[in-house]
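Chemist: Kindly generate the corresponding structure for this input.
(2 chains, ligands or ions: 1)
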Amino acid sequence: MPPALLSPHSPAGVDARRDAAYAVARTVRDPELPVLTLEDLGVLRDVTIDADGGVSVAITPTYSGCPAMATMRDDLERALREEGFDRVTVRVVLSPPWSTDWITPAGRAALAAYGISPPGPAPRRAAGPVPLTLGPVHRVARCPTCGSTRTSLTSEFGATPCKALYRCERCLEPFEHVKEI
Amino acid sequence: MTTHESPTPAVATESTGVAHHPSHPAPNPSDAHGSVYDALLGGDPSHWAFGTDFEDPLAGVDTTIPQGVGGEDLGVYCLMLADDALIASHRLSEWSSNAPDLEDDIALSNIALDLLGQARLLLARAAAAHPALVPALPAGSPVPPEDALAFFRDDRAFRNVRLVETPNGDFAQTVVKLLLFSTARLALLERLRGSRDHVLAAVAAKGVKEVAYHRDYAARWFVTLAGGTEESRRRLVAGLDRMWPLRAELTTAHAVERRLAEAGVGVDPSTTEAEVDVVLDQVLAVAGLDRPERSPMTAVDGRLGRDGMHTEALSRILGEMQVVARAHPTGRW
Ligand SMILES: [Zn+2]
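Modeler: A predicted model of the protein is given here:
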């Protein structure tokens, strides 16, 4: 049976509809870093088909104060509406909290190509209190301009909460690094 | 991702002058030739959504109240954690464009934004847990509950510790204040991740990652100022001396906190005291400083910030933070 004739309520129809909705949602870009899709960024958590046939999309904020959630929601709703999904609900999921480990390999490559150093692995903490870090931050940040790893941290806080500021010691260019959380 | 560098209260405050003295004429919708504002006035609401979102920040999140706690207790508990973050955020945002250098201006603004985000979620949680906490607004007001809680409560309804409302002083004093606050908040949020309330557990899990960066920032600056010049050390010691009496309140439990802790929903802050002390002693040791010999700031008639007893500094903060919202309770932004 060709997919177009599947009932949207049959299990196979729901799966096909879900896949079609996901294929649209995954193309929506981050409003503040359009080089990444919401999928690349790990912000798109889930796409499901409700009992009434509507599409339900779950997104999670990168940081608690993320002001772009409403724009992401509007962009998702619009993209899905344009593809014929007229009932769209965007939900916020807070748990588990977003981690830079969720940025996809494609997303990391896009960041580097855009001139932003992608994050290393997020810290894996043993049980017990979060240790205080008074000394220098140990991470490898590669200069997106010349590729050198001889780079130094300028500030742990950059133009957005998710980025630290670096400077390359070799070519002297400043750059941003997505900091691990 | 997030680039909004000025948290909402600061934006609201800073825009007061602008709002009354627009630098551009208002667009005339009947102008047949159209104008540059047409795109903004069109039917696409997403133009307005950027940073001015009035939607429920807990949309789709399970806000069922866990068994064994009262809605009012849970609401008041959320106000305590929210108000600490909100007032600390507002104070930090006062450094926007005033910090010693650009990097620290950006860092303090980022920290303020993280705390504002935590406050917003917690205020929304408070409103969902006990709607009677939310101040009544005129019929038709579009102000969402978390904004009503932030902008329409009087000082005595605020439940923050007094430390966060104290004036910033110089950069050294702000560093001391941030170190004391973030050390206590991190220890508290780490435990709150195990809350039986799904929202509190989720806000805490997210907050731990953020506040760990805040504490590292403050602790590094503390050590840097201690080992810098004679002047930087003198200022740090003076800030430490002024802030130290306000430290005890961070780890003093209110009856509501104790009840919520017993129910497995909240954290009794006195249980974090030993851990907080270890961290502070570690920073003081590296900085080569001793604990100041200052006794805790006294309660007023047995009441602390958690009871709604504040210094006059809070009234001044609220006067600035709330004036625009209160002048336009039915305004749309
Ligand atoms: Zn380089």
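Chemist: Can you give me every residue that contacts residue A:79?
Modeler: When contacts are counted by Cβ atoms under 8 Å, 6 or more residues apart in numbering or on different chains, residue A:79 touches A:24-25, A:27-28. All C-beta atoms are positioned from the backbone trio N, CA, C, and that covers glycine.
Chemist: Repeat the analysis, applying 10 Å as the threshold.
Modeler: A:21, A:24-29, A:57, A:85, A:88 (Cβ atoms under 10 Å, 6 or more residues apart in numbering or on different chains).
Chemist: Now residue B:171: closest residue in space that isn't a chain neighbour?
Modeler: Using Cβ to Cβ, 6 or more residues apart in numbering or on different chains and skipping residues adjacent in sequence, the residue nearest residue B:171 is residue B:100, 5.4 Å away.
Chemist: before we move on, what about residue B:186?
Modeler: residue B:211 (4.5 Å).
Chemist: Would you check that that neighbour makes contact with residue B:179?
Modeler: No. Residue B:211 is beyond contact range of residue B:179, at 11.6 Å (criterion: Cβ atoms under 10 Å).
Chemist: how much space is there between residue B:303 and the ion?
Modeler: Separation of residue B:303 from the ion (Cβ to the ion, to the nearest Å): 57 Å.
Chemist: just checking, that residue touches residue B:309?
Modeler: Yes. With contacts counted by Cβ under 10 Å, residue B:303 reaches residue B:309, the gap being 3.8 Å.
Chemist: Can you show me the helices along chain A?
Modeler: Secondary structure of chain A (DSSP state H): helices at A:11-25, A:38-41, A:69-82, A:105-114.
Chemist: most packed of these?
Modeler: For the helices of chain A, the largest average neighbour count (mean count of other Cβ atoms under 10 Å in any protein chain shown) is found in helix A:38-41, namely a mean of 23.
Chemist: Specify the local secondary structure of the closest residue to residue B:170 other than its chain neighbours.
Modeler: Nearest residue to residue B:170, sequence neighbours excluded (Cβ to Cβ, 6+ apart): residue B:235, at 5.7 Å. Classification of residue B:235 using DSSP: H, G, I helix; E, B strand; the rest coil returns helix.
Chemist: and if you look at the one 3 residues further on?
Modeler: Local secondary structure at residue B:238 is given as helix here, using three-state DSSP.
Chemist: quick one: pLDDT of residue B:26?
Modeler: pLDDT recorded at residue B:26 is 43.
Chemist: Equivalent analysis for residue B:141, please.
Modeler: 89.
Chemist: thinking again about what came up before, out of the contacts of residue A:79, what pair is the most spread apart?
Modeler: Farthest apart among the contacts of residue A:79 by Cβ to Cβ are A:29 and A:85. That separation is 18.1 Å.
Chemist: Give me every residue in chain A lying close to the ion.
Modeler: Counting by Cβ under 5 Å from the ion, the residues of chain A lying close to the ion are A:143, A:145-146, A:148, A:168, A:170-171.
Chemist: pLDDT and neighbour count added to these, as a markdown table?
Modeler: What follows is the residues of chain A next to the ion, written out as a markdown table (pLDDT from 0 to 100; neighbours: other Cβ atoms under 10 Å in any protein chain shown):
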| residue | pLDDT | neighbour count |
| --- | --- | --- |
| A:143 | 95 | 23 |
| A:145 | 93 | 14 |
| A:146 | 95 | 13 |
| A:148 | 96 | 14 |
| A:168 | 97 | 22 |
| A:170 | 97 | 13 |
| A:171 | 97 | 14 |
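Chemist: Please enumerate the strands of chain A.
Modeler: A:44-49, A:55-59, A:88-92, A:116-117, A:151-155, A:163-168, A:174-178 (DSSP state E).
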